[in-house]
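1. task: produce atomic coordinates for the following.
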Amino acid sequence: MKRIVLACAAGMSTSMVVTRMEKEAAARGMAFQIYAIPEQNLREELQNYGHDVVAVLLGPQVRFRLEENKKLTDSYQLPIAVIDSVAYGTLNGAKVLDQALALIH
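-> You can find the predicted model right below:
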């Protein structure tokens with residue numbers, strides 16, 4: 001199954017976004033494994049599962065790490081972006097899923 005990885009600081013708020021994204025994906029008949037990890041674990045995550053990952057989204061709280069992580073995701077030919085802060089703050093899973101899908105297509 002294709003994976004969408006959300007990399008964040010701690011994971012509490014992001015886990016709520018993931019739940020909303022999963023519900024939205026299911027409602028649209030899409031099959032993705034969507035999950036959150038601490039941003040500092042992204043390198044290891046891609047080493048283990050990079051062949052299944054289709055997009056990486058950074059939590060707004062770690063946006064300052066985008067350039068560093070872009071070098072990493074580029075080596076796997078994966079798109080990366082910072083989650084829209086309004087969508088993140090309002091737990092708008094549909095909007096965050098749309099952001100991930102836009103990266104894929």
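2. how about the helices in this protein?
-> Here the chain has its helices, by DSSP state H, at 12-27, 42-49, 66-75, 85-89, 93-104.
3. quick one: closest of those to G59.
-> Across those, G59 has its closest neighbour in helix 12-27 (5.4 Å, Cβ to Cβ). (Each C-beta comes from the backbone N, C-alpha and C, glycine too.)
4. in that closest one, which residues are buried?
-> Using 16 or more other Cβ atoms under 10 Å as the burial criterion, the residues of helix 12-27 that qualify are S13, T14, V17, V18, R20, M21, E22, E24, A25.
5. export that helix to CSV, keeping only CA atoms.
-> Output of helix 12-27 as CSV, limited to C-alpha atoms (Å, rounded to 0.1, in the frame of the first residue of the first chain):
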residue,chain,number,x,y,z
MET,A,12,-0.1,14.8,19.0
SER,A,13,-1.8,17.3,16.8
THR,A,14,-0.6,15.5,13.7
SER,A,15,-2.2,12.2,14.8
MET,A,16,-5.6,14.0,14.8
VAL,A,17,-4.9,15.3,11.3
VAL,A,18,-4.0,11.8,10.2
THR,A,19,-7.3,10.4,11.5
ARG,A,20,-9.2,13.0,9.5
MET,A,21,-7.1,12.3,6.4
GLU,A,22,-7.8,8.6,6.7
LYS,A,23,-11.5,9.2,7.0
GLU,A,24,-11.5,11.4,4.0
ALA,A,25,-9.4,9.0,1.9
ALA,A,26,-11.8,6.2,2.8
ALA,A,27,-14.8,8.3,1.9
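6. tilt between it and helix 93-104?
-> Angle between the axes of helix 12-27 and helix 93-104 is 80 degrees (criterion: axes from the mean of the first three to the mean of the last three Cα atoms, to 10 degrees).
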